[in-house]
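Engineer: Sharing a model that was predicted from the sequence below.
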Amino acid sequence: MEKEIAMTTYYHYHDGSWTKQTLHLDTIRPEEMTWTERIDEMSGLTGNILKIETREDHESLWGSHIYRQSLEDESDHADFQFYLDRDDLVLINIDVPKMFSYTEAELLNDKSKRSAVETFYIIIKNTTHEYMSQIDIFEQKLHSILWEVKERNNIKILNQVAEADHQLLLCKTQIVTVTELFMMTEEVFGKEITESRYHHQMKMRVERARFLINAYEEEIDALLDFENLVSSYRGNEITKTLTIFTALFAPATLLGAIWGMNFKHMPELDWKLGYLIALLLMVMVTYTIYIYLKGKGWMGDLLDNKSHHKNKFF
């Protein structure tokens, strides 16, 4: 039985208008230095893969680009394949409403007479809307964490910070791929495309996204440094507390150990006030050590009243 060849739907922008075709790829006759030369290759690409060709008389860019990536599930993403040169833009596996902000019928009736490169900029700019929305959601989450860390700084908050840091890395990766794609269009098509307002809009979108990512990255780093500071302080306080308790009760422990020894001659067995004297001696020695530690300033905030420390970091 002969293997069935899958049909492929592609959108072709040429000379200021769109066409849509669904056909077998093997029916397209490849012609050198045209999109037909790359259609078979690009249809098999997935993920973020970019390729360029710069000849003396022909420049082109083609590949696959992920335009939607979930921050929770690695497998939840969507990509499209494209070919771009100065005259033609070919798209495969696209979601028209998401990538153009209008319906397929409106797309096919579009007679705006833009260049293929300008049209590609519009598409990439539209696909970054979801990335920017993810950054906005991340901003709200980070703002919430910044206030929660003051109210209750515990392992739950640290987990939230780590999760936010991971999501920020994913957002940064997505923006990096968009930036690379934008820079490759400049590399392929040269300086003349930089004068287009679509190029300027795309450049501003990329710079804004990169600024936000870098700013939030600095905030996350500062938050993690603060968490390390609090953890170190609390660890030191615990160690200091245990050391002070050990120092305070060491005399009582030592005296109790001596008192519990069963030697043959124990003169204190005949003392009527033996228990009282021993207890008073323990208290006096312990109090003397406490006064000494307090005078040296080694007690710190250990015995301070914590009621006035509500909503304080330490």
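Structural biologist: Looks like it arrived, so ask away. Only a predicted model underlies this, so the values are computations on that prediction, with no experimental measurement involved.

Engineer: Sheet-wise, list the partners of the longest strand anywhere in the chain with their directions.
Structural biologist: Longest strand in the chain by number of residues, with DSSP state E as the criterion: strand 59-69. Partner strands and pairing direction for strand 59-69 (DSSP bridges) are strand 49-54 (antiparallel), strand 77-85 (antiparallel).

Engineer: Okay, domains of the chain per the record?
Structural biologist: Recorded structural domains for the chain (assignment: automatic domain parsing) are 1-94, 236-304.

Engineer: Quick check: which ranges of this protein have low pLDDT?
Structural biologist: 1-6, 150-154, 259-269, 298-314 (pLDDT under 70).

Engineer: still on that earlier bit, among the strands paired with strand 59-69, which is nearest residue 218?
Structural biologist: strand 77-85 (27.4 Å; CB to CB). Heads up, the C-betas are built off the backbone N, CA and C, glycines and all.

Engineer: Show me what that closest one is in contact with.
Structural biologist: Contact with strand 77-85 is made by 34-35, 38-39, 42-43, 45-48, 58-70, 89-95, 99, 116-117, 120, 185, as judged by CB atoms under 8 Å, 6 or more residues apart in numbering.

Engineer: how much space between residue 87 and residue 115?
Structural biologist: 8 Å (CB to CB, to the nearest Å).

Engineer: Between those two, which has more neighbouring residues?
Structural biologist: Neighbours per residue, other CB atoms under 10 Å: of residue 87 and residue 115, the larger number sits with residue 115, 17 against 14.

Engineer: so who does the most centrally placed residue in the chain touch?
Structural biologist: Taking CA atoms, centre = their mean as the criterion, residue 168 is the residue nearest the geometric centre of the chain, at 1.6 Å. Listed by CB under 8 Å, 6+ apart, the contact set of residue 168 reads 138, 213, 216-217, 220.

Engineer: Could you do residue 13 as well?
Structural biologist: Here residue 13 is in contact with 88-91, 116, 119 (CB under 8 Å, 6+ apart).

Engineer: I'd like these written out as TSV, with neighbour count and secondary structure added.
Structural biologist: Output for the contacts of residue 13, formatted as TSV (neighbours: other CB atoms under 10 Å; DSSP: H, G, I helix; E, B strand; the rest coil):
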residue	neighbour count	secondary structure
88	16	strand
89	23	strand
90	24	strand
91	23	strand
116	21	helix
119	19	helix
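
Engineer: just those residues now: which is nearest residue 250?
Structural biologist: Checking the contacts of residue 13 one by one against residue 250 (CB to CB), the nearest turns out to be residue 91, at 78.9 Å.

Engineer: Residue 196 and residue 119 touch, don't they?
Structural biologist: No - between residue 196 and residue 119 there is no contact under CB atoms under 8 Å: 10.8 Å.
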